[in-house]
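**Q** Model the following, please.
(2 chains)
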Amino acid sequence: DSGVTQTPKHLITATGQRVTLRCSPRSGDLSVYWYQQSLDQGLQFLIQYYNGEERAKGNILERFSAQQFPDLHSELNLSSLELGDSALYFCASSDWDRGYADTQYFGPGTRLTVL
Amino acid sequence: DAKTTQPPSMDCAEGRAANLPCNHSTISGNEYVYWYRQIHSQGPQYIIHGLKNNETNEMASLIITEDRKSSTLILPHATLRDTAVYYCIVINAGNNRKLIWGLGTSLAVNP
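**A** Presented below is the predicted three-dimensional model:
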């Protein structure tokens, strides 16, 4: 158990809908990362937050948005869903601070299926 | 950020050492080499990391060449539970980082 929790575990929805994925980082970790993993693909980095502020952005679509709240949990919002958005979505957390290496601890993921 | 190259798949006999190579020829001085593994769609699991020196922990050993252009992850006594996809990535400890994950090496540990 990494200490990172994600809800829900599974999500099935229809095209055009909007969903919210939730992540709670490990106790004490200020940094949260979101990744997308499509079938048989590597992890694609989406976005990183540090203590409520966006710190790095990857290949995140404009239809997707994220935020980190004062209690450090994070939400990833996916809107106008398309079939191609079906994937595993992972959240990771770390105690990253600038100048230090970044050991990320991953949650169990949310499996999103868009029908 | 530096990219990594790994063989797509490897086999290893149970109880033997598994040696997983990784090429990172464009690595820069402030980039760390990290290894993670992912067991069948579970969340990736941190294994080990290093900058210049060889490292060892309870899971594995990491050997980094002197020029830092390649590294090898060693699982000393592979078990069936070590069957997974192993990812080698380089991470910049600076402020702005783009994290690049390749397709990793799919390790099959056979009985």
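**Q** Report the contact partners of A:Y105.
**A** If you count contacts by CB atoms under 8 Å, 6 or more residues apart in numbering or on different chains, A:Y105 has them with A:S2, A:G3, A:V4, A:R26, A:D29, A:A92, A:S93, A:S94, B:Y46. All C-beta atoms are positioned from the backbone trio N, CA, C, and that covers glycine.
**Q** let's see it at 6 Å
**A** A:S2, A:V4, A:R26, A:S93 (CB atoms under 6 Å, 6 or more residues apart in numbering or on different chains).
**Q** Restricted to helices, list the residues you listed.
**A** Judged by DSSP state H, helices contain none of those.
**Q** Could you pick out which of those residues are located in strands?
**A** Members of the contacts of A:Y105 lying in strands (criterion: DSSP state E): A:S93.
**Q** Let me know the closest of the contacts of A:Y105 to chain B.
**A** A:S2 (6.5 Å; CB to the nearest CB).
**Q** coming back round to it: please identify the member of the contacts of A:Y105 with the greatest number of neighbours.
**A** A:S93 (29 neighbours; other CB atoms under 10 Å in any protein chain shown).
**Q** Model confidence score at the residue nearest to that residue when sequence neighbours are not counted, please.
**A** When the adjacent residues along the chain are set aside, A:S93 lies closest to A:P25, with 3.2 Å between them (CB to CB, 6 or more residues apart in numbering or on different chains). Per-residue confidence (pLDDT) for A:P25: 96.
**Q** Verify the stated contact: A:P25 with A:W34.
**A** No: A:P25 is beyond contact range of A:W34, at 11.5 Å (criterion: CB atoms under 6 Å).
**Q** higher neighbour count, these two?
**A** Comparing A:P25 with A:W34 by other CB under 10 Å, the one with more neighbours is A:P25, at 27 against 23.
**Q** residues in contact with the residue nearest to A:S93?
**A** A:P25 neighbours (CB under 6 Å, 6+ apart): A:V4, A:V32, A:L72, A:S93.
**Q** separation between it and B:G102?
**A** Distance of A:P25 to B:G102, computed by CB to CB, to the nearest Å: 25 Å.
**Q** Can you get me a residue count around the nearest residue to B:L103 once chain neighbours are set aside?
**A** Excluding the flanking residues, the one nearest B:L103 by CB to CB, 6+ apart is A:G42, at 4.8 Å. Residues lying near A:G42 (other CB under 10 Å) number 17.
**Q** wouldn't A:G42 be in contact with B:W101 here?
**A** Yes: if you go by CB under 6 Å, A:G42 and B:W101 touch, sitting 4.6 Å apart.
**Q** Can you show me the strands along the chain?
**A** You didn't pick a chain, so chain A it is. Using DSSP E, strands in chain A cover A:5-7, A:10-13, A:19-24, A:31-37, A:44-50, A:53-57, A:64-68, A:74-78, A:87-94, A:105-106, A:110-114.
**Q** You answered for a different chain; I wanted chain B.
**A** Along chain B, counting by DSSP E, strands occupy B:9-13, B:18-23, B:31-38, B:45-50, B:55-56, B:61-64, B:70-75, B:84-92, B:105-110.
**Q** Identify the residue of chain A closest to chain B, quick one.
**A** Taking CB to the nearest CB, chain A has A:F106 as its residue nearest chain B, at 3.4 Å.
**Q** Please give me every residue in contact with residue 49.
**A** Went with chain A since none was named. Per CB under 6 Å, 6+ apart, neighbours of A:Y49: A:V32, A:Q68, A:S74.
**Q** let's do chain B instead
**A** B:Y32, B:Y34.
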